[in-house]
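> Pasting the sequence and the predicted model now:
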Amino acid sequence: MPDIEDEAPDLSTSPWVEKFQAAPVRSGRPKSPKTKVSTTIRLDQDVIDAFRAEGPGWQSRINAVLRDWLRTKS
């Protein structure tokens, strides 16, 4: 196999090592300005089953239904 020159720099040498060590490490997704509160709520099984049957995001849909209900009470 012929020896092929690679134009990419060797990232395991200085100054690359120092740059990588100085870079901030971010993990996870960005924080939302409106955080949610973890809670426990007891709902009937048929209600949970109906929301889950619609697929992923069932907890967000329950939240939206509760928010809509609150708007009707204002």
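Good, I have the coordinates. Since the structure is predicted, the reported quantities are computational estimates derived from the model, not experimental observations.

> average pLDDT across the lengthiest helix in the chain?
If you go by DSSP state H, the chain has its longest helix at helix 58-72. Helix 58-72 shows a mean pLDDT of 96.

> helices or strands next to it in the packing?
If you count contacts as 3 or more Cβ pairs under 8 Å, 6 or more residues apart in numbering; DSSP states H and E, helix 58-72 packs onto helix 45-53. Where you see a C-beta, it was placed from the backbone N, CA and C, and this is true even at glycine.

> how about the helix it packs on: buried residues?
Buried residues in helix 45-53, counted by 16 or more other Cβ atoms under 10 Å: residue 51.

> Please find the angle between the direction vectors of that helix and helix 58-72.
For helix 45-53 against helix 58-72, the angle by axes from the mean of the first three to the mean of the last three Cα atoms, to 10 degrees is 110 degrees.

> and helix 45-53, C-alpha only, in PDB?
C-alpha atoms of helix 45-53 as PDB (Å, rounded to 0.1, in the frame of the first residue of the first chain):
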ATOM      1  CA  GLN A  45     -54.900   3.400  34.200                       C
ATOM      2  CA  ASP A  46     -57.200   3.900  31.200                       C
ATOM      3  CA  VAL A  47     -56.200   7.600  31.100                       C
ATOM      4  CA  ILE A  48     -52.500   6.700  31.000                       C
ATOM      5  CA  ASP A  49     -53.100   4.000  28.400                       C
ATOM      6  CA  ALA A  50     -54.900   6.400  26.100                       C
ATOM      7  CA  PHE A  51     -52.200   9.000  26.300                       C
ATOM      8  CA  ARG A  52     -49.400   6.400  25.800                       C
ATOM      9  CA  ALA A  53     -51.200   4.800  22.900                       C
END
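
> quick one: it to chain centroid distance?
In terms of Cα atoms, centre = their mean, to the nearest Å, the centre of helix 45-53 is found 24 Å from the chain centre.
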